[in-house]
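> Fold the stuff below for me.
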Amino acid sequence: MTWYEKLLLVVGMVVFMEVFAWATHKYVMHGWGWGWHRSHHEPHEGAFERNDLYAVTFAVIVIGLFVAGMWWEPVWWMALGITVYGAIYAFVHDMLVHQRFGMRWVPRKGYFKRLHQAHRLHHAVKTKEDGVSFGFLFAPDPVRLKRQLAERAGR
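Next comes the predicted model:
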């Protein structure tokens, strides 16, 4: 494989993972997988929550992809792209938005502020229904999200 094919696979998988994460968050975590994810929407003690089992599950799958990539190289680069997305997710979602692991920065402007606001609005709903903003790196306009929440509350 050429270096640009490898780069394309890695970048492509990062983009794919945002779509996959959105769908998994909306239809699995806020659907039949709510049993694990509920802990993420409730106050909890300690560094870890039951929702972290999703990260463990995805990590095991990616390790399997790295192993499979030893026999078919493109799969290894795809696994690397998923890992890059996971690292971005851990920084943005866990550290920036939820201030886990000692991070204490609240963005005041730009993309990170919008991302922070969108995810906080996602957590304004404490049940598995009627949530907004299920992506992790794509942040819808907070004004639009507030309007959606108000409309859903008025039903």
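> Residues in contact with stretch 97-108: which ones?
47, 94, 95, 96, 113, 115, 116, 119, 120 (CB atoms under 8 Å, 6 or more residues apart in numbering). Glycine gets a C-beta too; all of them are placed from N, C-alpha and C.
> ah, wrong one, I meant stretch 71-82
Everything outside stretch 71-82 that qualifies as a contact, by CB under 8 Å, 6+ apart, is 1, 5-6, 9-14, 16-17, 58, 62, 65-66, 68-70.
> From residue 63, how far out is residue 6?
19 Å (CB to CB, to the nearest Å).
> Show the contacting residues for residue 22.
Applying CB under 8 Å, 6+ apart to residue 22 gives the contacts 134, 135, 136, 138.
> Any of these buried? List them.
134, 135, 136 (16 or more other CB atoms under 10 Å).
> so where's this protein shaky on pLDDT?
Scanning the chain for pLDDT under 70 picks out 155.
> longest helix anywhere in it?
helix 3-23 (DSSP state H).
> ok now the following helix or strand past that helix, how far from the chain's centre?
Scanning forward in sequence from helix 3-23, with DSSP states H and E defining helices and strands, the next element found is helix 34-37. Taking CA atoms, centre = their mean, to the nearest Å, the mean C-alpha location of helix 34-37 is offset from the chain mean by 15 Å.
> who touches helix 34-37?
Helix 34-37 has contacts (CB under 8 Å, 6+ apart) with 29, 30, 50, 51, 53, 54, 128.
> Could you pull out the buried residues of that helix?
Of the residues in helix 34-37, 34, 36, 37 count as buried by neighbour count, 16+ other CB under 10 Å.
> got CSV for those, with distance to residue 85 too?
Shown next, in CSV, are the buried residues of helix 34-37 (distance: CB to CB, whole Å):
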residue, distance to residue 85
34, 23
36, 20
37, 19
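> Tell me the buried residues within the contacts of stretch 71-82.
For those, a burial check counting by 16+ other CB under 10 Å picks out 6, 9, 10, 13, 14, 17, 58, 62, 65, 69.
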